[in-house]
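1. structure of the sequence below:
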Amino acid sequence: MIHLKVQTIVSRPFLQNSYVIWNPDASLVSGQIPAIVIDPGMEPETIIEIIQKNNLKLQGILLTHGHADHIAGVPTLKSKFPECPVYIGSGDASFLTNPELNLSRYYGYELIIPEADRLLTHGEVLDLAQIPMKVWEIPGHSPGHVIFEIAAKRNTVFGGDVLFQGSIGRTDFPYGSFKLLSQGIFRYLWPMADETLVYSGHGQVTTIGDEKKNNPFVGISSETYREYLKSQS
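-> Model (predicted):
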């Protein structure tokens, strides 16, 4: 199991969480430590400062989904690190180049980002920056939303806008579906170990166990979960 270092950047105005992650035991010939950025939001300069301060070499930009607050920093990072590939779930690929789909148009500006370098599929395993991770597709907040599960010393999930502390991602956006979102949580998150850390797209870090027990929308005592169990019997 790897040791995982996580640096969180809370981007205004949406209080979106961007993450810089790295394995401090890894190293490159250059002496730098390989790193990944997840969901670069609207404060990319802070992300660059963290990369430089910690002697990191950016080797991947991972996007959980294509909404503007999670992708706005991509152009700045690509300008600074042009060789760094961008990854997104195949179902959200068109969001990068479409201001209506990525919701920027609703906030008064047009965010258009070049196509991703690589499209992710459900169940595949990535090994970036010497950090192996599993990709799970959980639609409902957006059609191609993916999460990243890392078997670190403490199992860790970077979940974007799927699951929050005490809440879940909005499903009233275009292509939203509460049914798909909740079922994805039940199928792919609830079987994980209770102590699994969940780094969400907004808000505080939580755990699978806490949300499975207490989340009012999808917890095991919720009507949604009871209906799901009935549908599986």
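
2. this structure: helices as residue ranges?
-> Ranges of helices in the chain, per DSSP state H, are 44-53, 68-71, 74-80, 178-184, 208-214, 223-232.

3. reformat the ones you listed as CSV; add mean neighbour count, mean pLDDT and distance to Glu149.
-> Bear in mind the C-beta positions are built from the backbone N, C-alpha and C, glycine included. Below are the helices of the chain laid out as CSV (neighbours: other C-beta atoms under 10 Å; pLDDT from 0 to 100; distance: least, C-beta to C-beta, whole Å):
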stretch, mean neighbour count, mean pLDDT, distance to Glu149
helix 44-53, 17, 98, 22
helix 68-71, 26, 98, 18
helix 74-80, 17, 97, 23
helix 178-184, 19, 98, 13
helix 208-214, 18, 98, 11
helix 223-232, 12, 94, 21
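
4. give the contact list for the residue nearest to Arg105 when sequence neighbours are not counted.
-> What sits nearest to Arg105 in space, not counting adjacent residues and going by C-beta to C-beta, 6 or more residues apart in numbering, is Pro99, at 4.2 Å. By C-beta atoms under 8 Å, 6 or more residues apart in numbering, Pro99 lies in contact with 105, 109-112.

5. in CSV, list the helices of the chain along with distance to Gln59.
-> Listed next are these as CSV, based on distance: least, C-beta to C-beta, whole Å:
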stretch, distance to Gln59
helix 44-53, 11
helix 68-71, 18
helix 74-80, 12
helix 178-184, 28
helix 208-214, 28
helix 223-232, 38
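
6. thinking again about what came up before, would you list the phi and psi of the residue nearest to Arg105?
-> Dihedral pair for Pro99: phi -60, psi -20, per degrees, to the nearest 10.

7. look up the closest residue to His154, ignoring the ones flanking it.
-> One correction, residue 154 is Arg, not His. Arg154's closest residue in space is Leu197 (C-beta to C-beta, 6+ apart), at 5.9 Å.

8. okay, and the beta partners of the nearest residue to Phe217 once chain neighbours are set aside?
-> Distances taken as C-beta to C-beta, 6+ apart place Ile168 nearest to Phe217, at 4.9 Å, with adjacent residues excluded. With DSSP bridges as the criterion, Ile168 is bridged to Leu163.

9. can you tell me how far Ile168 is from Pro13?
-> Remark: distance between Ile168 and Pro13 (C-beta to C-beta, to the nearest Å) = 21 Å.

10. for the residue nearest to Arg154, what are its contacts?
-> 154-157, 205-207.

11. out of the residues you listed, who's nearest Pro216?
-> Thr206 (13.4 Å; C-beta to C-beta).

12. per-residue confidence for the closest one?
-> You'll see Thr206 listed with a pLDDT of 98.

13. beta partners for it?
-> Residues in beta-bridge contact with Thr206 (DSSP bridges): Val198.

14. that one and Ser200 touch, don't they?
-> Yes: look at Thr206 against Ser200 with C-beta atoms under 8 Å: they come within range, at 6.9 Å.

15. more crowded one of the two?
-> Neighbour count, other C-beta atoms under 10 Å: between Thr206 and Ser200, Ser200 has more, with 25 against 22.

16. list the contacts for that one?
-> Applying C-beta under 8 Å, 6+ apart, the residues near Ser200 are 17, 159-165, 206.

17. could you do Ser11 as well?
-> Contacts of Ser11 by C-beta under 8 Å, 6+ apart are 17-18, 41-43, 69, 72-73.
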